[in-house]
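requesting a structural model of the entry that follows:
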Amino acid sequence: MATNNNAPLGIEAELFKAADKLRGNMEPSDYKHVVLGLIFLKHISDSFEAKHAQLMAEYPEGAEDRDEYLADNIFWVPKEARWSHLQASAKQPTIGKIIDDAMLAIEKDNPSLKGVLPKDYARPALSAIMLGELIDLIANISTRSEQGQERDLFGRVYEYFLKEFAGSEGKRGGEFYTPRSVVKTMVEMLQPWKGRVYDPCCGSGGMFVQSESFVEAHGGRIGDIAIYGQESNHTTWRLCRMNLAVRGIDADIRWNSEGSFHKDEHPSLKADFILANPPFNVSDWGGERLREDPRWKYGVPPKGNANFAWLQHILYHLSPTGTAGVVLANGSMSSTQSGEGEIRKNMIEGEVIDCMIALPGQLFYSTQIPVCLWFLARDKSNGIARDRKLRDRRGEILFIDARKL
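Residues are numbered from 1 along each chain as shown. Model (predicted):
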């Protein structure tokens, strides 16, 4: 996958503008799934068709053999779900049902996509004309990409659309999208070269996408990192699974409605890198049911705010030399309410806080609250980065004031 992060964003912006025009009176939060589902369908169909053409030329008897595709990490797309069939049917009044049937067929043939794809295109609220025009618009994506850069372009389009939808959804958009600049800062600081990467509240998967891009940009191999995540919002979990699949990223992303505190899906995981943007200042996190939890090594988090529960959950899941980056509201640096000051003091004395960064204001769609980055380390004496030992940083915390950057 060739990556050129400096490529002009003209294609993505142009496509989004055209797609947004077709939205009419539909809410961005609903429309997002309509569009992203079709982009995903187009991507897996194109990947399938490219492999199909290659097999027809080199090994025709394998062209309809599912195993030939699975071996190359390509989803098997049955005939009725291929983009050529959808495009030929784009002007039919039943196009919504045709898309739903295509999504169902793909899920049936690819167990890893079970429950992931949107399947409500036939609902009366969706205009068949609009769907047909969207199909024609999305058909443009791969014609703009050079051979071999298909996946990169689809990934960029998917991410751009996520960002724009987060912007149009405003406050609610922050639930599934962390601004790329913030994620990139965290990834560049932590440098996740190799090992297990975890996000306990992974949203649409931006932390993972940037981690993989980082490994690639620095000459590493994509398979060098193993990815684990959990998300409590089922709709966002589906967006995440599609976001990673569009980029060919293999990951163990789990969903349950109870969330990481109450039903930890990776209970024994010890990660080398953790990147997280937990929801800020959550007051109804069910802390009263977890007073005796072994994760609270530095103090029991207050029932009225989950910030220090997140930090301690993350520390609990770090490997002996692991490091973590966490986005939190600025109040987490100074609050003394309900014992938070005491927990912070214990964390400082426990030598697990490595660095603090105060970020510029108004970076997030979801809040005007200024935010900061916490960098945690299980071993500040000589934590290991790649193949070298870092210097002893005990007794030190690096503070970076980036508010004016």
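
going forward, measure contacts and count neighbours with C-alpha atoms only.
Will do.

quick one: the strands in the stretch 301-405 of the chain?
318-329, 353-358, 371-377, 384-385, 388-389, 398-401 (DSSP state E, counting those that start in this stretch).

what about residue 288, how many neighbours?
As a burial measure, residue 288 scores 13 neighbours (other CA atoms under 10 Å).

just give me the neighbour total for the nearest residue to it once chain neighbours are set aside.
Distance criterion CA to CA, 6 or more residues apart in numbering; nearest residue to residue 288, sequence neighbours excluded, is residue 303 at 5.8 Å. Residue 303 is flanked by 18 other residues according to other CA under 10 Å.

residue ranges with poor pLDDT in this structure?
Within the chain, the segments meeting pLDDT under 70 span 1-9, 143-148, 173, 365-366, 385-387.

follow-up on the earlier one: now for the strands of the stretch 301-405 of the chain, which one comes closest to residue 168?
Nearest to residue 168, of all the strands of the stretch 301-405 of the chain, is strand 371-377, at 21.1 Å by CA to CA.

export stretch 86-99 as CSV, just CAs?
C-alpha atoms of stretch 86-99 as CSV (Å, rounded to 0.1, in the frame of the first residue of the first chain):
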residue,chain,number,x,y,z
LEU,A,86,-25.1,-2.8,-8.6
GLN,A,87,-24.1,-0.3,-11.1
ALA,A,88,-26.1,-2.0,-13.8
SER,A,89,-29.1,-1.9,-11.4
ALA,A,90,-28.5,1.7,-10.2
LYS,A,91,-31.6,3.1,-11.9
GLN,A,92,-34.0,0.4,-10.8
PRO,A,93,-36.7,1.4,-8.2
THR,A,94,-35.6,-1.6,-6.2
ILE,A,95,-32.0,-0.6,-5.9
GLY,A,96,-32.3,-0.3,-2.1
LYS,A,97,-33.2,-4.0,-1.8
ILE,A,98,-30.5,-5.0,-4.3
ILE,A,99,-27.9,-3.3,-2.1
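
how far is it from where the chain is centred?
Here stretch 86-99 is found 30 Å from its chain centre; the criterion is CA atoms, centre = their mean, to the nearest Å.

which parts of it are buried?
Within stretch 86-99, the residues scored as buried using 16 or more other CA atoms under 10 Å are 86, 87, 89, 90, 91, 95, 96, 97, 98, 99.

next, count neighbours for residue 335.
Look at residue 335: counted by other CA under 10 Å, it has 13 neighbours.

what backbone torsions are found at it?
Main-chain dihedrals, residue 335, degrees, to the nearest 10: phi -60, psi 140.

distance of the residue lying closest to it once chain neighbours are set aside from residue 267?
Ranked by CA to CA, 6+ apart and with sequence neighbours excluded, the top spatial neighbour of residue 335 is residue 341, at 6.0 Å. Separation of residue 341 from residue 267 (CA to CA, to the nearest Å) stands at 28 Å.

re earlier: need the strands of the stretch 301-405 of the chain in a markdown table (columns: distance to residue 228).
Converted to a markdown table, those look like this (distance: least, CA to CA, whole Å):
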| stretch | distance to residue 228 |
| --- | --- |
| strand 318-329 | 13 |
| strand 353-358 | 23 |
| strand 371-377 | 18 |
| strand 384-385 | 20 |
| strand 388-389 | 25 |
| strand 398-401 | 28 |
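
generate a markdown table for the ones you listed, with mean neighbour count and distance to residue 10 as supplementary columns.
Shown next, in a markdown table, are the strands of the stretch 301-405 of the chain (neighbours: other CA atoms under 10 Å; distance: least, CA to CA, whole Å):
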| stretch | mean neighbour count | distance to residue 10 |
| --- | --- | --- |
| strand 318-329 | 23 | 30 |
| strand 353-358 | 20 | 32 |
| strand 371-377 | 24 | 30 |
| strand 384-385 | 16 | 37 |
| strand 388-389 | 10 | 41 |
| strand 398-401 | 12 | 33 |
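
quick one on the thing from earlier: tell me, how many residues neighbour the residue nearest to residue 335?
17.

settle this for me: it is touching residue 334, isn't it.
Yes - counting by CA atoms under 8 Å, residue 334 is a contact partner of residue 341 at 7.1 Å.

one step back: for residue 120, find the nearest of the strands of the stretch 301-405 of the chain.
Nearest to residue 120, of all these, is strand 318-329, at 34.5 Å by CA to CA.

restrict that closest one to CA atoms and write it as PDB.
The C-alpha coordinates for strand 318-329 follow below in PDB (Å, rounded to 0.1, in the frame of the first residue of the first chain):
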ATOM      1  CA  LEU A 318       0.400  -2.200  29.900                       C
ATOM      2  CA  SER A 319       3.200  -4.700  29.500                       C
ATOM      3  CA  PRO A 320       6.200  -4.300  31.800                       C
ATOM      4  CA  THR A 321       7.900  -2.000  29.300                       C
ATOM      5  CA  GLY A 322       4.700  -0.700  27.800                       C
ATOM      6  CA  THR A 323       3.900   3.000  27.100                       C
ATOM      7  CA  ALA A 324       0.500   4.700  26.600                       C
ATOM      8  CA  GLY A 325      -0.900   8.000  25.300                       C
ATOM      9  CA  VAL A 326      -4.300   9.200  26.500                       C
ATOM     10  CA  VAL A 327      -6.400  12.200  25.600                       C
ATOM     11  CA  LEU A 328      -8.200  13.800  28.600                       C
ATOM     12  CA  ALA A 329      -9.800  17.100  29.500                       C
END
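
for that strand, enumerate the helices and strands it packs against.
Of the remaining helices and strands, those touching strand 318-329 by 3 or more CA pairs under 8 Å, 6 or more residues apart in numbering; DSSP states H and E are helix 180-190, strand 271-276, helix 307-316, strand 371-377.

no more questions from me, cheers.
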